[in-house]
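In: quick one, fold the following:
(chains A and B)
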Amino acid sequence: MQFANLLLVRLLQTVVVIWVVVSIVFVVSRLIGNPETSLMPWDATNEDYERIREKLGLNDPLIVQYGKFLGDAVQGDLGFSYHRTGPAIDIVADKVLGTVKLTAAGLIVALGLGLPLGVLAALRRGSPMDWLARLVAVFGQATPSFWLGLMLIFFLATKVSWFPTAGAEGFRSLVLPAFALGLLSAAGFMRLTRSGMIDVMNTDFIRTARAKGLNERTVIMRHGLRHALIPVMTILGIELGRLIAGSVIIEVVFSWPGIGRLMIESILQSDYPTVQAGLVVIAASITLGNLIVDMTYRVIDPRIRMAAL
Amino acid sequence: MSTRNYWKRMSRQRLSRRTLLRASARAGVGATGLALVGCGDDDDDAQQAVVQAQPQEQQEQPQPAEQPQQQQQQQQAMQQEQAEQQAEQQAQQVEQQEQQAEQGTVEAIEREEAQQDVEAAEPEVDLDAHVRVAIGRYTAGLDPQRSGSQTNYVNGACTFDSGMSNHPETAALEPNLVQLPEIVDPTNVIFHVTSGVVFHDGSPYTAHDLAFNFERVSSAAEYHQGGETSDHPNEWASARQAFGTDNFASYSVIDDLTMAVETPAPNASLAGSIMSGAVRHVSKNFVEEHGDAYVDAVFAMGTGPFRFVDSDPDVGANWTRNDDYHKPRDGLTNPRLPWYKDFEVQIRPEPLAQIAGIEAGEIDAIYNLPTDVVEPYRDNPNFKVLYQPSGQPTHYIMFNTHDSVAEVDGVPNPFLDIRVREAANLAINRQEIIDGLLTGSEGPAFGPYRGTIGYPGEALESRYHGYDPERAKALLEEAGYPDGLDVDLHIVTDFQPIVPIMALPVQEYLEAVGIRTTIKEYLSSEYFRTVRTFELPGMFWFFTNTIAEPETVIGSGVTESGFYAVSVYPETEIEELYQAQNQALDPAERARLLAELYITFYDNYSWLFLTEVSAATMTAANVNWPVGSAELRGEGTLSAIQKLKT
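Out: Numbering: from 1, shown residues only, chains lettered A, B, ... in the order given. Just a heads-up that it's a prediction; the model follows:
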């Protein structure tokens, strides 16, 4: 299959995934919430409630509401926020940059910590360095991100005042949330890199590279790490989804303005259009992220490229 | 299941909370809302005086046989009596004038002393300070009268004003944008607008604005007719319809400073309701010029102590001091000319991140914090920790006694039997909840109206239901439930954090006497509408703010037509007393009737009365936040915050 065809198929799959996610959310949100309740006063009459339900189209059969929603959605119209006075997609779009910044920073922390630690641990297997790296990995995977976030605030923001305790003003305010978000993924990357490197460094081609007289740095970076990174690439897409999902909690702990906090507020207020628009953006981000990783994977690993062809 | 299980699980927390928080209770911090207790005593004395005077008048009436001789004497006596009465009246007038003069002198002295205190404090306070307060949520809407933005209390209190206000110490109604009402007759009232009040754009506040605000909150303003022609994309629904012109038979603007109102019947709560902080006043010209959507989403403009600058619902909002505010700093703590220049609200959903903000010097004050969160900081010199009743300090559970649930699955509603209601009340060990789960400084709840007009504190306390599980079991057996009964307990989980926590011991206490409950949880967006359908059987958890004017609470939760009146008892005198107090224009008589209503309601075991619930306020060490004994630290007292010079 040609690369372009493959890309087209994957894009179609992405659209299907987004459609399924949004459809599920559409149905579930209408089963559990009545948005008119939060729009009307406490002394509103049943007639008032009926009027606003009619105006919002909530009295239509579910299938009619769904058809209208899909029809509007394909035109880029995801409705008008019930509480924020603006098109839902615009409100979500305003928050995309915040979440992208946080997720990207979290990914940088994850890769920046996980890969070097994994390589070091593999090369010095059984040494204190290896033990330390594994300890960090266990700690990272076992620590809830919200607790880690609070501890980071407590020690690094209030005790030594290196970073602000909350907000999104400047680079310094990004450091703690990015670390709290990225540590879990860093632990995963570290373990995969370590095991991959241990396997690779015992293979014949590495022995051959050394026998050819290549310096150790070249052997590790060009031959060892490149191969060890293939499984890391495999889980990169999954980790990207985890980072986006994890950013919801981190945004709350660090008062970071992003899609996660917007979603929580919107869910509490039964603001369907904003919830749906937010989920479309999140689902699209995760599936597109996975698509990019898949495509990159095929570029990096000739075996997969050949298999696909 | 034993009632001890919950407390065993909680034992460690209970000990630490007791030790730490009882100290604050001993310090007396946070005691509010008791100033009005005892209003009924004066009235009782007056009644006794009337009863004692009657026999003397009867003795002084002449006998028929002595009429010829006595006519002259009688005339003389009458003249003498008239003269005496005139003299007495003159003496009373002189005494009254002297009292008024004396009272005026006292008030003048108090004002002067308060002014001296203000002048003495000013050099210590940084009047150009930038004060930052952290809150958990800030809804997007800026319109103080739109339902979809009804929880944006910060903007409401900063940018806007209410018609009248309550005295910080006595909770008595006071002039604000509008003077106290001039009562022409029982159904006609005149409101005089306070002269000299201006909006932030410099335009004067007039009686036309006053009338417009009533029309707008009752969705009767001509420009949008209940939202149908409003330019607001999600319809404009009033947050407080019942506080609008629904209360009026007719009204008219007489001139720029005067508005006349006629009510269908005498209405003792009229001014306290329609002029309360529930209705913040907007500018007629501004709203008509810009439309509802602009007012809600773009810019807020009112007469309040702060001028709106900008806001982002996910980051925060900014205001700056309104130097033209109509109330100067005079020592009182409800909205006055602020003690600082710039005001910033930061949105921090996580309470610990809010506290970290104070520790890092990024935040100056936080209010309405859960008490357990602030415990570790009580002795920290970098903080001031203050306890006080929270915004919704009284918790209780309403029994659904409506006709719609008179029978459930063919079985009579158990709560129609007063013995079952009494058993539920006797099942709860409130003191154990207060000591173990709360701060230890709270008291049991006697109703939704602590601190309101006529609240008979001592009389209610003497009737305290107490904790008697054996008696509760006996009552249930006597009522025909020897094996107990099964009911639903409906609770809201996201409105008051303590509710789902406190619901667990309450459930265990009830189960211990045989009332087995299934807890049904709701989000607030669902709960309040569910409550007012009155269609679900069982018990509904509720809570109430401390509000001086009781109509807000009893008008919605006690009277049979109330929106949240889940527990109604037509066979009792409750409704009659409600109607009577609402028509009693004499304040003393109204207070007496209210006291009687409160006692009758409590004696009827109308609700399962639980406890008060406290909240905490934290400030940085260089920040003062004084409030009156009838006030809460919150939106209504933000202008009183003082940041000291360092």
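In: contacts only, for the residue of the stretch 201-309 of chain A found nearest chain B.
Out: Of all residues in the stretch 201-309 of chain A, residue A:257 sits closest to chain B, at 3.9 Å by CB to the nearest CB. (Each C-beta comes from the backbone N, C-alpha and C, glycine too.) Listed by CB atoms under 8 Å, 6 or more residues apart in numbering or on different chains, the contact set of residue A:257 reads A:95, A:98, A:168, A:251, B:312, B:314-315.
In: how about the residues of the stretch 101-250 of chain A by chain B?
Out: Contact residues (CB under 8 Å from any CB of the partner chain) of the stretch 101-250 of chain A with chain B: A:150, A:153-154, A:157-158, A:161, A:164-168.
In: picking up where we left off before, quick one: the residue of the stretch 201-309 of chain A closest to chain B is in a strand?
Out: No. Counting by DSSP: H, G, I helix; E, B strand; the rest coil, residue A:257 is not part of a strand but coil.
In: count the neighbours of the closest residue to chain B within the stretch 51-200 of chain A for me.
Out: As assessed by CB to the nearest CB, chain B sits closest to residue A:85 within the stretch 51-200 of chain A, at 3.7 Å. Neighbourhood size, residue A:85 [other CB atoms under 10 Å in any protein chain shown]: 24.
In: ok, it to residue B:291 distance?
Out: 11 Å (CB to CB, to the nearest Å).
In: show me the shaky parts of the stretch 1-150 of chain A.
Out: A:1, A:32-33, A:38, A:41-43 (pLDDT under 70).
In: ok, back up a step: need the max-distance pair from the contacts of residue A:257.
Out: Using CB to CB, the two most remote members of the contacts of residue A:257 are A:251 and B:312, lying 14.2 Å apart.
In: ok, the residue in the stretch 151-300 of chain B that chain A sits nearest to - contacts?
Out: With CB to the nearest CB, the shortest gap between the stretch 151-300 of chain B and chain A falls at residue B:297, namely 3.7 Å. Residue B:297 makes contacts with A:84-86, B:140-142, as judged by CB under 8 Å, 6+ apart.
In: next: residue A:227.
Out: The contact partners of residue A:227, by CB under 8 Å, 6+ apart, come to A:196, A:200.
In: from residue A:206, how far off is it?
Out: Applying CB to CB, the value for residue A:227 to residue A:206 is 9 Å.
In: repeat that for residue B:393.
Out: 71 Å.
In: which one of these two has more residues nearby?
Out: residue B:393 (26 against 17).
In: is the more buried one located within a strand, as I assumed?
Out: Yes. Under three-state DSSP, residue B:393 sits within a strand.
In: is it true that it touches residue B:545?
Out: Yes. Under the criterion of CB atoms under 8 Å, residue B:393 makes contact with residue B:545 at 7.2 Å.
In: who's residue B:125 bridged to?
Out: Counting by DSSP bridges, residue B:125 is bridged to residue B:644.
In: correct me, but it touches residue B:640?
Out: No. Residue B:125 is beyond contact range of residue B:640, at 10.9 Å (criterion: CB under 8 Å).
In: overlap in contacts of the two?
Out: Common contact partners of residue B:125 and residue B:640 (CB under 8 Å, 6+ apart): residue B:339.
In: between these two, point out the one with more neighbours.
Out: More neighbours surround residue B:640 than the other of residue B:125 and residue B:640, with 24 against 18 (other CB under 10 Å).
In: quick one, grab the pLDDT at that one.
Out: Note on residue B:640: pLDDT of 94.
In: report the contact partners of it.
Out: B:333-334, B:336, B:339, B:625-627.
In: look up how far chain A lies from it.
Out: Separation of residue B:640 from chain A (CB to the nearest CB, to the nearest Å): 25 Å.
In: before we move on, the earlier item: quick one: common contacting residues for residue A:227 and residue A:206?
Out: Common contact partners of residue A:227 and residue A:206 (CB under 8 Å, 6+ apart): residue A:200.
In: excluding residues flanking it in the chain, which one is nearest the most centrally placed residue in chain A?
Out: What sits nearest the mean C-alpha location of chain A, by CA atoms, centre = their mean, is residue A:244, with 2.1 Å. Counting by CB to CB, 6 or more residues apart in numbering or on different chains, residue A:244 lies nearest to residue A:103, which is 5.5 Å off, once chain neighbours are set aside.
In: what residues sit buried inside the stretch of helix or strand the one you found belongs to?
Out: Using DSSP states H and E, residue A:103 falls within helix A:88-123. Across helix A:88-123, burial judged by 16 or more other CB atoms under 10 Å in any protein chain shown covers A:88-89, A:91-92, A:94-96, A:98-99, A:101-103, A:105-107, A:109-111, A:113-115, A:117-123.
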